[in-house]
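Asks: Next one to model:
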Amino acid sequence: MSIKFGTSGWRAIMADEFTFANVRIAVQSIADYLREERLHNKPIVIGYDTRFLSEDFAKTAAGVLAANGMESLLCGRDTPTPVVAFEVLRNKAAGGIIITASHNPATYSGLKFNSAWGGPALPQITQKIEAGAEPYLAGEAIPKTSREAVGLKKRLIVPHDPMPAYFKQLDELVDRSLLKRGKIRVVTDALWGAGRGYLDEYLRKAGVDVNALHTNRDVLYNGHGPSPDPETLTELQATVKKTKAHLGLATDGDADRFGIMDVDGSMLTPNEFLPLLLDHLVKTRGWTGVAARSVMTSHFLDAVAKRRGLTVQETPVGFKFIGDVMAHENSVYPSRQGHFVLGGEESGGLSIRGHVPEKDGVLGCLLAAEIVAVTKRPLRKSLEILQEEVGTFYTDRLNFHLTMEKMFELRGRLSRNPPTRFGPLAVRRIVETDGFKFILTDGSWIGIRLSGTEPVVRVYLETQDRAKLKALENAGRVLAGVSTGK
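Replies: The predicted structure follows:
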């Protein structure tokens with residue numbers, strides 16, 4: 001086996017590849033990397049989600065660091081990924097390790113590593129960690145380890161409570177007075193994940209009427225993956241309708257992704273919510289500057305940015321690249337130093353100016369509540385008003401499972417002979433930031449991205465003409481090689 005970091009950490013099935021032995025190897029490789037970078041004299045923040053054995057994997061990670069003479073700040077309870085990222089910055093730490101498989105099914109666990117600048121480690125770092133793990137996996141070297149009790153006695157493992165400082169940080173980003181004056185009723189759904197006690201408790205402290213669902217720990221997530229999708233949020237939907245709440249808010253397993261449900265029980269997709277939030281931030285904060293989005297995220301955000309005088313920076317898929325723009329924006333736009341406004345991706349992650357360069361589902365939900373409190377109308381109505389101003393964008397995403405042989409053939413075909421038109425529409429330009437994105441002459445686009453870790457192809461579609469969406473879907477199927485188009 002090998003330890004490979006995908007778009008957001010290393011994930012594997014527990015008791016298969018995600019074992020205590022392999023966690024020790026991954027953390028030892030991180031320790032070796034930090035020592036090489038001369039960061040070993042700084043603490044490492046360790047957090048974990050609510051999965052089976054997550055706290056034990058976290059203690060194992062702390063034991064490896066202690067055996068290497070490194071201090072860890074070990075969170076005393078399950079903790080959202082963005083909270084760990086904030087603690088990395090607040091404590092000037094060498095990095096953060098989070099035991100989580102995010103929104104994956106309960107049979108998975110995983111390990112994320114955030115760099116000293118707060119954001120998810122970039123590929124040039126994770127590649128070093130992967131390579132550094134190889135000798136240990138091959139049995140050529142043995143990772144260091146020690147028991148938790150030894151680390152505690154030597155003060156190399158320090159119990160840590162990050163919640164108070166994180167709540168103070170939220171006070172700098174969210175207007176609590178607006179939330180209180182809005183007199184809104186909110187239903188939250190932690191999906192048995194690490195957002196429990198964070199999103200619901202902050203709303204209560206802000207004076208919001210909160211009905212919190214699924215705040216108990218269930219390591220099986222009720223038989224579903226903790227992903228804030230319509231399929232997993234049926235109880236949230238029913239409760240919002242029954243109680244006539246203004247809003248339903250959900251977070252995923254490690255609370256770095258958000259789910260936003262309107263008063264009628266319908267969900268706003270991230271492609272709809274991000275432009276709405278950008279417009280809200282510009283109007284209420286007076287912010288100008290740069291908005292960043294991943295390459296397969298809707299151009300609805302671009303339309304709002306253009307209308308409000310902002311610049312858009314397009315990044316590869318994976319929030320680490322948005323975080324990199326956020327943390328180092330002065331090197332991308334020297335004339336706009338410190339003017340980052342918002343970064344987001346279609347898969348449900350966002351962050352804003354003044355916060356961590358990591359996606360934060362708790363913050364996303366709180367800002368949705370702030371919008372409703374300010375406008376005193378359903379989010380869908382605010383969306384319609386914004387669409388009347390900048391236009392309507394229709395999007396879709398298709399997922400196809402192919403054999404590795406067909407994946408290889410498709411990748412070669414797109415590289416050697418990419419299509420120049422789709423039906424009557426010619427391809428105006430091809431963006432290869434991450435995968436292939438075909439911009440058509442009418443502004444519609446088709447994007448295709450091949451997973452590097454599994455035989456999955458994702459096809460992204462967008463048009464401002466609803467009647468064309470079906471035609472784009474058919475073209476996307478042909479492009480992916482799952483249909484002849486006949």
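Asks: mind checking the SS state of residue 419?
Replies: coil (DSSP: H, G, I helix; E, B strand; the rest coil).
Asks: Help me confirm that it comes into contact with residue 427.
Replies: Yes: the criterion here is C-beta atoms under 8 Å, and residue 419 meets it with residue 427 at 6.4 Å. From N, CA and C alone the C-beta is placed, and that goes for glycine too.
Asks: Identify the contacts common to those two.
Replies: residue 438 (C-beta atoms under 8 Å, 6 or more residues apart in numbering).
Asks: tell me the pLDDT at the residue nearest the centre of the chain?
Replies: For the chain, the residue nearest the mean C-alpha position is residue 349 (3.9 Å; C-alpha atoms, centre = their mean). Here, the pLDDT recorded for residue 349 equals 95.
Asks: Identify the residues contacting it.
Replies: Counting by C-beta under 8 Å, 6+ apart, residue 349 makes contact with 256-258, 270, 319, 322, 359-361, 364.
Asks: just curious, which of those residues is nearest to residue 231?
Replies: Of all the contacts of residue 349, residue 231 sits closest to residue 257, with 14.8 Å by C-beta to C-beta.
Asks: Burial check on that closest one, number of neighbours?
Replies: 30 (other C-beta atoms under 10 Å).
Asks: And for residue 220?
Replies: Quick note: residue 220 (other C-beta under 10 Å) scores 12 neighbours.
Asks: That one reaches residue 106, doesn't it?
Replies: Yes: at 4.8 Å, residue 220 counts as touching residue 106 under the criterion of C-beta under 8 Å.
Asks: which stretch of helix or strand covers the nearest residue to residue 298 once chain neighbours are set aside?
Replies: Using C-beta to C-beta, 6 or more residues apart in numbering and skipping residues adjacent in sequence, the residue nearest residue 298 is residue 271, 3.8 Å away. Taking DSSP states H and E as the definition, residue 271 sits inside helix 270-285.
Asks: Can you point out the buried residues in that helix?
Replies: 270-282 (16 or more other C-beta atoms under 10 Å).
Asks: Pick out whichever of those sits closest to residue 461.
Replies: residue 271 (11.1 Å).
Asks: Closest one of the buried residues of helix 270-285 to residue 303?
Replies: Once C-beta to C-beta is applied, the member of the buried residues of helix 270-285 that ends up nearest residue 303 is residue 275, at 7.2 Å.
Asks: Check the closest one and give its pLDDT.
Replies: So, for residue 275, pLDDT stands at 98.
Asks: The one 3 residues further on too?
Replies: The per-residue pLDDT reported for residue 278 equals 98.
Asks: which ones are touching it?
Replies: By C-beta under 8 Å, 6+ apart, the neighbours of residue 278 are 291, 301, 304-305, 308, 310, 341-342.
Asks: any chance of those in a markdown table, plus secondary structure, pLDDT and neighbour count?
Replies: Formatted as a markdown table, these follow (DSSP: H, G, I helix; E, B strand; the rest coil; pLDDT from 0 to 100; neighbours: other C-beta atoms under 10 Å):
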| residue | secondary structure | pLDDT | neighbour count |
| --- | --- | --- | --- |
| 291 | strand | 96 | 28 |
| 301 | helix | 98 | 27 |
| 304 | helix | 98 | 23 |
| 305 | helix | 97 | 25 |
| 308 | helix | 96 | 17 |
| 310 | coil | 95 | 22 |
| 341 | strand | 96 | 24 |
| 342 | strand | 97 | 28 |
